[in-house]
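> the sequence isn't on hand, but the structure is:
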Ligand SMILES: [Zn+2]
């Protein structure tokens, strides 16, 4: 079943036009963000509104169809956090300069490792350079996100 334009727009509205994983603003992108399936289609996930998340291409491609990841600190396999049941702010926090996402829990570490939120394993940290511009422009990070003290 194809996802219709109304559902696509509702997902974008619900996400406030941010990637629901890394909180990158969609307007920073030259293309509209993709829709990720929380339960991957390859595992039977549906095109229902509650199974869809707005995701930048980086996060969508890196997440692929993984639902678990190894926490690099404990070496335990943990479930990636469920965007509909858990809060970003309970697992992740911005550095004071808002260039990096830090992990505060096992789930956050696993998610950050799978999605490489700070481009530490990909692209020589490119996303951090982008975040610097967004911060200078005053549109990053969103005010509701937790941020370390200066
Ligand atoms: Zn993202």
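Yep, that arrived. Values in this document were obtained by computation on a predicted structure and should not be read as measured data.
> I'd like to know how many residues surround residue 125.
15 (other C-beta atoms under 10 Å). Where you see a C-beta, it was placed from the backbone N, CA and C, and this is true even at glycine.
> checking it next. Helix, strand or coil?
Assigned with DSSP: H, G, I helix; E, B strand; the rest coil, residue 125 falls in the helix class.
> for the residue lying closest to it once chain neighbours are set aside, give me its contacts.
When the adjacent residues along the chain are set aside, residue 125 lies closest to residue 119, with 4.9 Å between them (C-beta to C-beta, 6 or more residues apart in numbering). For residue 119, the contacting residues are 125-128, taking C-beta atoms under 8 Å, 6 or more residues apart in numbering as the criterion.
> for residue 119, give me the backbone phi and psi.
Dihedral angles of residue 119 (phi, psi; degrees, to the nearest 10) stand at phi 50, psi 40.
> state the pLDDT value of the spatially closest residue to residue 113 that is not a sequence neighbour.
Nearest residue to residue 113, sequence neighbours excluded (C-beta to C-beta, 6+ apart): residue 72, at 5.3 Å. What the model reports for residue 72 is a pLDDT of 86.
> over to the one 3 residues further on?
Per-residue confidence at residue 75 stands at 93 (pLDDT).
> what's the neighbour count on it?
Count around residue 75 with other C-beta under 10 Å applied: 7.
> same deal with the one 3 residues further on?
In terms of burial, residue 78 registers 17 neighbours under the definition other C-beta under 10 Å.
> cool, residue 72 as well?
Applying other C-beta under 10 Å, I find that residue 72 has 11 neighbouring residues.
> and it, backbone torsions?
Per degrees, to the nearest 10, the residue geometry at residue 72, taken as phi and psi, is phi -60, psi -20.
> what does the chain put close to the ion?
The interface of the chain toward the ion, taken as C-beta under 5 Å from the ion, is made up of 19, 21-22, 24, 56, 59.
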